[in-house]
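Q: dropping a prediction and its sequence here:
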Amino acid sequence: MRCLDVGMLALLAKTTSLMEYLGFLWVAQTGLELNLWAEMETASSLDDIMTLHPDWDENLMEHWLEQAHYLDLLTKKNGCFQATKLARAMNKYRNLGLEALYKELMGHWTAGFAELPRLITRQKEKLTIESDMEDELISKASMASEPFVWPFLRTKCQKEQWKKVLDLGCGEGRYLKKLANEFPELHGVGLEVNPVVADRAQERVREFEGRIHILCQDILALGNRDVEFLKESGPYDLCLLNNSIYYFTQEQRVELLERIKELLAPGGQVGILTAVRKGDPVRVFRTHLPQNLMSFFLACHQGFEGLPTEQEITSILQQTGFRDVNISVMPLGTSHYFFAKILDEC
């Protein structure tokens, strides 16, 4: 029998690993969508599940149980399956960005990359961000970074003693609410361009009426009334740009930072949280998707150039008159936080 060469063996091994990663994603998201991880915290057999859900496809359910078991998401004993610690954690943290992230990967990344041959050869126009991703998944998936971003932001606020904060692209207003809770003297304004997400932000910060304001506006398309409101509410000690800088082109980033400077107090700061594109992708875990893949996905869409590099952010801050650029790498290496100050005379 002819032996396979080393290259073919390596390709087969890589393909097998890829199938395992995709299988984990499909099985995990299905379990979340059907609420199976919660149901299976109690040991259940296939018959038990079908009794609860008689209209479901029994053959597919059996396959799902087998795959979840192979992926160490379910234990199996005497014909009964039960959620492992990993599966229970998945269910516990589902509303902290995890489920939205899985939906984004399954429903949008997979479909987007399937079009790569036609996108690269320009047989197909670049993709557009679909409404469910824009309205739901982007803002919710970003919550996955909150457990390690918030402690960093809280500590920095304690040190810098910010009193007025402007959050551009505030999403659901989670950081403004946390800052208002933690620091009673802090006032803030959030701008969110998506009306669906802005409404959720308004509801979230309702208890801080008078201290936190949410505007459904685009910072680059403000009317005179909104500009006056922002100036009257400022000047701001800090302007946050969390997970949003890559929605702007290079030219727009310059315009954006110039406008931010006009709203900051002397010595005020801008904080830019973003994943960055790297020459050598960072992999903390073997299954961790590198930032470069996220950049690739963004670049498949109209109006996006992909993620910025660390040097690009540093250069544009210096170009627009900011100084003392400080870069903090967030845990897991998935995001960088850039902080810089305006000159006192600005």
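A: Noted; the coordinates are in hand.

Q: could you pull out the strands for the chain?
A: Assigned by DSSP state E, the strands in the chain fall at 74-77, 80-83, 164-168, 187-191, 212-215, 236-242, 264-274, 322-329, 336-342.

Q: find the nearest non-adjacent residue to H213, please.
A: Closest residue to H213 apart from its sequence neighbours, by C-beta to C-beta, 6 or more residues apart in numbering: V189 at 4.9 Å. C-beta: built from backbone N, CA, C; applies to glycine.

Q: quick check: the gap between the residue nearest to L36 when sequence neighbours are not counted and W56.
A: The spatially closest residue to L36, leaving aside those adjacent along the chain, is T30, at 7.4 Å (C-beta to C-beta, 6+ apart). Per C-beta to C-beta, to the nearest Å, T30 is found 11 Å from W56.

Q: so which of these two has more stuff around it?
A: When T30 and W56 are compared for neighbours, T30 comes out ahead with 17 against 13, by other C-beta atoms under 10 Å.

Q: wait, isn't that one in contact with H63?
A: No. Here T30 lies out of contact with H63, judged by C-beta atoms under 8 Å, at a distance of 10.6 Å.

Q: would JSON lines of the strands of the chain with distance to F229 and mean neighbour count be doable?
A: Listed next are these as JSON lines, based on distance: least, C-beta to C-beta, whole Å; neighbours: other C-beta atoms under 10 Å:
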{"stretch": "strand 74-77", "distance to F229": "54", "mean neighbour count": "16"}
{"stretch": "strand 80-83", "distance to F229": "49", "mean neighbour count": "20"}
{"stretch": "strand 164-168", "distance to F229": "11", "mean neighbour count": "24"}
{"stretch": "strand 187-191", "distance to F229": "8", "mean neighbour count": "24"}
{"stretch": "strand 212-215", "distance to F229": "7", "mean neighbour count": "22"}
{"stretch": "strand 236-242", "distance to F229": "13", "mean neighbour count": "24"}
{"stretch": "strand 264-274", "distance to F229": "16", "mean neighbour count": "20"}
{"stretch": "strand 322-329", "distance to F229": "24", "mean neighbour count": "14"}
{"stretch": "strand 336-342", "distance to F229": "21", "mean neighbour count": "21"}
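
Q: to E125, which of these lies closest?
A: strand 264-274 (26.2 Å; C-beta to C-beta).

Q: now the nearest residue to M50 once chain neighbours are set aside: how far from R174?
A: Nearest residue to M50, sequence neighbours excluded (C-beta to C-beta, 6+ apart): E58, at 5.5 Å. Going from E58 to R174 by C-beta to C-beta gives 41 Å.

Q: and the two? which has more neighbours close in?
A: Legend: neighbour count by other C-beta under 10 Å for E58 and R174, higher for R174 (22 against 13).

Q: check contacts around the residue most central in space within the chain.
A: Centroid-nearest residue in the chain, with C-alpha atoms, centre = their mean: S142, separated by 2.6 Å. S142 sits next to 97, 171, 242-243 when contact means C-beta atoms under 8 Å, 6 or more residues apart in numbering.

Q: need the max-distance pair from these.
A: Spatial extent of the contacts of S142 (C-beta to C-beta) is set by the pair G97 and N242 at 12.9 Å.

Q: tell me how many other residues crowd G23.
A: Using other C-beta under 10 Å, G23 has 14 other residues around it.

Q: nearest residue to it in space, ignoring adjacent ones along the chain?
A: Spatially, and ignoring its direct neighbours in sequence, G23 is nearest to Q67 (5.9 Å; C-beta to C-beta, 6+ apart).

Q: so the one you found sits right up against V27, yeah?
A: Yes. Taking contacts as C-beta under 8 Å, Q67 lies within contact range of V27: 4.9 Å.

Q: settle it for me: which of these two has more neighbours?
A: For Q67 and V27, the more surrounded residue by other C-beta under 10 Å is V27, and the numbers stand at 23 against 17.

Q: what about T155, how many residues nearby?
A: Count around T155 with other C-beta under 10 Å applied: 10.

Q: give me the helices and strands touching the longest helix along the chain, please.
A: For the chain, the longest helix by residue count, based on DSSP state H, is helix 6-33. With contacts taken as 3 or more C-beta pairs under 8 Å, 6 or more residues apart in numbering; DSSP states H and E, helix 6-33 sits against helix 58-70, helix 85-92, helix 99-104.

Q: what are the contacting residues of the longest one?
A: In this case it means helix 58-70. By C-beta under 8 Å, 6+ apart, the surrounding residues in contact with helix 58-70 are 23, 27, 30-31, 36, 46, 49-50, 53, 74-76, 81, 87.

Q: run the last query once more with 6 Å
A: Contacts to helix 58-70, defined as C-beta atoms under 6 Å, 6 or more residues apart in numbering, come from residues 23, 27, 46, 50, 74, 76, 81.

Q: same question for the shortest one.
A: The set of residues external to helix 99-104 that reach it, using C-beta under 6 Å, 6+ apart, is 29, 32, 137, 140-141, 144.
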